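Novice: No letters, just coordinates:
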């Protein structure tokens, strides 16, 4: 009997360790895709207003957020999951609203102080998320001192590296004028909002909600908020529509940017589920490294870099890799696992959820085994998404920005390989649960 229990405990530990490394993989893939999604924002430098860019990108986000869950699980599964945890819908809507406001602030920050200054400021959201994780969800409580040191130092290292990489790409000729302070405030505001947005993430996942269900409700909140912001603060919707009509050849790239961002965000959601926001979010902040790669290699922004800037790039890259390695090696175990389970129990008691079933769902097992199959409207949703993509692509023109096509292809291949690796491992280990 004791031997059976020992084998059972060892099997459980191997399973949890496997989920930890799955979360690490998801976090790294998320960083790569989120970094690539920043490239279309460069279009703000050719005359498009932030109020025109944000709604267009969010339209791509909205279409993608409905398409991928429908493609992977079907709307029947998603709505059953939402219906069984109705109290979390409002949290998903709130998270979407916070994201929309933060995303709009980032466009203003890029316009007023440049991506190099703005990116490190808002990337500190990883530290904000780590603080909330410790205060509200008791992450790292009971962890060994060595694990705490690894996670905290890893998060700080990634934020520090993001700052080094950001400053390495500052153009001496950048003019921020009198709006520099406004740009800094916008970037800091985005940092605080994004860091706080992770609270609904974690609350949803310790209650057993599937990330694909969460983002489906999430996108309703973000689309509504972006529309309200554009209508009330950005001017008349008719004027914004006219601006988009004049730049219709560029809309495909913004729409595509929204799609790319959603791929990264979906992996970020799974990283937050299997690692927690204290570990998962800092790992996804490696997007700064990938964002710099696109800026330097594809758009040639560091072509005339000085020796100091080269050292910043090298130092920032190595520091970020070291930070990711520290976090990846800091797996939760023992008393920390017990503390996490207690947090799950509190949520179950508060909302009347089944504790054992919720634990199973957190560990990648779909306890309710909802397999309703595809419905006819699922195929209609996918067809509508494809029609949107084709419609934008038909009118697309190459942006008037210098692009290195060879590096564009190389980085795109790396993205696709990361997507394939993450998708296969998620399917084999959890069936996207």
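Specialist: Structure's in. What do you need? Every value quoted in this text rests on a predicted model; they were computed, and no experiment measured them.

Novice: separation between residue 309 and residue 136?
Specialist: Going from residue 309 to residue 136 by Cβ to Cβ, to the nearest Å gives 39 Å. C-beta coordinates here come from the backbone N, C-alpha and C atoms, glycine included.

Novice: and what of residue 266?
Specialist: Residue 266 is 23 Å from residue 136, by Cβ to Cβ.

Novice: Those two: which is more packed in?
Specialist: residue 266 (26 against 14; other Cβ atoms under 10 Å).

Novice: tell me which element that one falls in.
Specialist: Using DSSP states H and E, residue 266 maps to helix 251-275.

Novice: which is the next helix or strand following that helix?
Specialist: helix 277-284.

Novice: tell me the mean pLDDT over that next one?
Specialist: Mean pLDDT, computed over helix 277-284, is 87.

Novice: Same check on stretch 19-26?
Specialist: 90.

Novice: same thing with stretch 261-270?
Specialist: In this model, stretch 261-270 has an average pLDDT of 90.

Novice: what distance separates it from the centre of its chain?
Specialist: Chain-centre distance of stretch 261-270: 5 Å, with Cα atoms, centre = their mean, to the nearest Å.

Novice: host element of the nearest residue to residue 319 once chain neighbours are set aside?
Specialist: Of all residues beyond its chain neighbours, the one nearest residue 319 is residue 161 (3.9 Å), with distances taken as Cβ to Cβ, 6 or more residues apart in numbering. Assigned by DSSP H and E, residue 161 belongs to helix 145-168.

Novice: I'd assumed residue 32 was in contact with residue 422.
Specialist: No. Judged on Cβ atoms under 8 Å, residue 422 makes no contact with residue 32 at a distance of 9.5 Å.

Novice: All the helices of the stretch 301-433 of the chain, residue numbers only.
Specialist: 307-328, 335-351, 355-362, 376-394, 405-430 (DSSP state H, counting those that start in this stretch).

Novice: For those helices, give me a markdown table that also has mean neighbour count and distance to residue 231.
Specialist: Below are the helices of the stretch 301-433 of the chain laid out as a markdown table (neighbours: other Cβ atoms under 10 Å; distance: least, Cβ to Cβ, whole Å):
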| stretch | mean neighbour count | distance to residue 231 |
| --- | --- | --- |
| helix 307-328 | 18 | 39 |
| helix 335-351 | 16 | 35 |
| helix 355-362 | 18 | 39 |
| helix 376-394 | 14 | 22 |
| helix 405-430 | 15 | 34 |
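
Novice: what's the closest of these to residue 77?
Specialist: Nearest to residue 77, of all the helices of the stretch 301-433 of the chain, is helix 376-394, at 10.0 Å by Cβ to Cβ.

Novice: Which strands or helices does that closest one pack on?
Specialist: Here helix 376-394 touches helix 50-72, helix 75-84, helix 251-275, going by 3 or more Cβ pairs under 8 Å, 6 or more residues apart in numbering; DSSP states H and E.

Novice: Low-confidence bits of this protein, can you list those?
Specialist: 1-16, 40-55, 114-117, 119, 166-179, 233-249, 305, 367-373 (pLDDT under 70).

Novice: Format the helices and strands packed on helix 376-394 as CSV; extra columns: distance to residue 406.
Specialist: Below are the helices and strands packed on helix 376-394 laid out as CSV (distance: least, Cβ to Cβ, whole Å):
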stretch, distance to residue 406
helix 50-72, 26
helix 75-84, 40
helix 251-275, 19
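
Novice: Quick one: closest of those to residue 349.
Specialist: helix 75-84 (16.7 Å).

Novice: Give the buried residues for the helix or strand following that closest one.
Specialist: Once the chain leaves helix 75-84, the next helix or strand it forms, by DSSP H and E, is helix 89-113. Buried residues in helix 89-113, counted by 16 or more other Cβ atoms under 10 Å: 89, 91-113.

Novice: No further queries at this time; thank you.
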